[in-house]
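**Q** dropping the sequence and predicted coords here.
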Amino acid sequence: MNLQQLRYVRETIRCGLSLTAAALRLHTSQPGISRQIRELETELGVDIFVRRGKRVIELTEPGRTLAQIVDRLLQEVDNLRTAAAEFQREDAGTLAIATTHTQARYALPGVVAEFKRRYPRVRLSLLQGTPSQIAEMTLAGSADIGIATEALDHYASLLALPGYTWHHCVIVPEGHPLAAASLLSLEALARYPLITYDPAFAGRSLIDEAFAARDLHADVVLAAIDSDVIKTYVELGLGVGIIAAMAYDPARDRALAMLDASHLFRTNTTRIALLRGRRPRQFAYDFIELFAPHLSRRVVEKAMAGGKESYEL
């Protein structure tokens, strides 16, 4: 038994039981992976996978149990390397953050700038995707930290901690009739075409929920993943925009008026996710605390260990 065989098993499972995809991800050959897994099964005396011809079609009952052990073993190997690196190079390494466009554009610039000032030798990368893609990247280990408003707390293997809360706002061109209202209402919004986020992004589910609760139809004529795209089309007069309040910049968005909508839609919580059982480097803890000052290393470690200390906002 060797670590290579264990990695082949894990990657085959992660690739949806496709040996070809696993081989591409691991830069090796499909026959080589198949042979190594067969040798591991022979040594263990049980089949991990059910096969149909040359294809792997599902995990066996023993395979499901062994897959969990393989994950834990490889995670501990990664933790061993991380612990060693902590002693060798405390201020150098790599840190991959998976996040959405809105977080990368509006919430993270100050955090990244301060982090790079503290850790100039750490190679930082921002990986953008949908919330579900961010969760998958964090689960697969291609991202050290995931940051998003949706999805992260839906996975048992992820520790999803609350980072900060935020509200939506409404944006309209200067002089729009809604700008004259003393208090914005959902009924008033429902009379206009709306431009807002794609259903997978930036609290869109809470927007839909609010209209549905009042039995109102939200006429969303354009949906986007990018706040700047939404603002552009609102400026063109194509509709009324609903965006994250942090995405409105009075200096840059002088052609737009922002209207308070905190009373219309429920509060959103952006979360920070880590893979349970994976040991972060010290600079990863520092990045988390820069982003969410209430999430110190002590708090994160206690939460990772299953502690009951409250870290909700």
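**A** Thanks, I have it.
**Q** residues contacting residue 105?
**A** 226, 227, 228, 247 (CB atoms under 8 Å, 6 or more residues apart in numbering). All C-beta atoms are positioned from the backbone trio N, CA, C, and that covers glycine.
**Q** if we go to 7 Å?
**A** Residue 105 makes contact with residue 227, according to CB atoms under 7 Å, 6 or more residues apart in numbering.
**Q** try residue 49
**A** 56, 59, 60, 63 are the contacts of residue 49 under CB under 7 Å, 6+ apart.
**Q** quick one: the strands in the stretch 51-200 of the chain?
**A** 55-59, 93-99, 122-128, 145-148, 158-166, 168-173, 194-197 (DSSP state E, counting those that start in this stretch).
**Q** out of those, which gets the lowest mean score?
**A** Per-segment mean pLDDT for these reaches its minimum on strand 55-59, at a mean of 86.
**Q** buried set for that strand?
**A** 56, 59 (16 or more other CB atoms under 10 Å).
**Q** so what touches that strand?
**A** Here strand 55-59 has contacts from 12, 17, 19, 48, 49, 50, 51, 67, using CB under 7 Å, 6+ apart.
**Q** roughly how far apart are the last one and residue 50?
**A** By that I understand residue 67. 13 Å (CB to CB, to the nearest Å).
**Q** neighbour count: the two, which is higher?
**A** Higher neighbour count among residue 67 and residue 50: residue 67, with 18 against 14, using other CB atoms under 10 Å.
**Q** sorry, back to before: what's the closest of the contacts of residue 49 to residue 199?
**A** Proximity to residue 199 was ranked across the contacts of residue 49 by CB to CB; first place goes to residue 59, at 32.2 Å.
**Q** beta partners for that closest one?
**A** When bridges are called by DSSP bridges, residue 59 pairs up with residue 49.
**Q** what's the spacing between it and residue 216?
**A** Going from residue 59 to residue 216 by CB to CB gives 47 Å.
**Q** quick one: the helices in the stretch 151-300 of the chain, in order.
**A** Taking DSSP state H, counting those that start in this stretch as the criterion, the stretch 151-300 of the chain carries its helices at 186-189, 204-213, 227-235, 282-291, 297-304.
**Q** quick one, which of these is nearest to residue 158?
**A** Closest approach to residue 158 among the helices of the stretch 151-300 of the chain is made by helix 297-304 (10.9 Å; CB to CB).
**Q** name the helices or strands packed onto that closest one?
**A** With contacts taken as 3 or more CB pairs under 7 Å, 6 or more residues apart in numbering; DSSP states H and E, helix 297-304 sits against strand 158-166, helix 282-291.
**Q** could you dump the ones you listed to CSV with distance to residue 75 and mean neighbour count?
**A** Below are the helices and strands packed on helix 297-304 laid out as CSV (distance: least, CB to CB, whole Å; neighbours: other CB atoms under 10 Å):
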stretch, distance to residue 75, mean neighbour count
strand 158-166, 13, 19
helix 282-291, 15, 20
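**Q** can you redo these as JSON lines with distance to residue 222?
**A** Below are those laid out as JSON lines (distance: least, CB to CB, whole Å):
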{"stretch": "strand 158-166", "distance to residue 222": "22"}
{"stretch": "helix 282-291", "distance to residue 222": "30"}
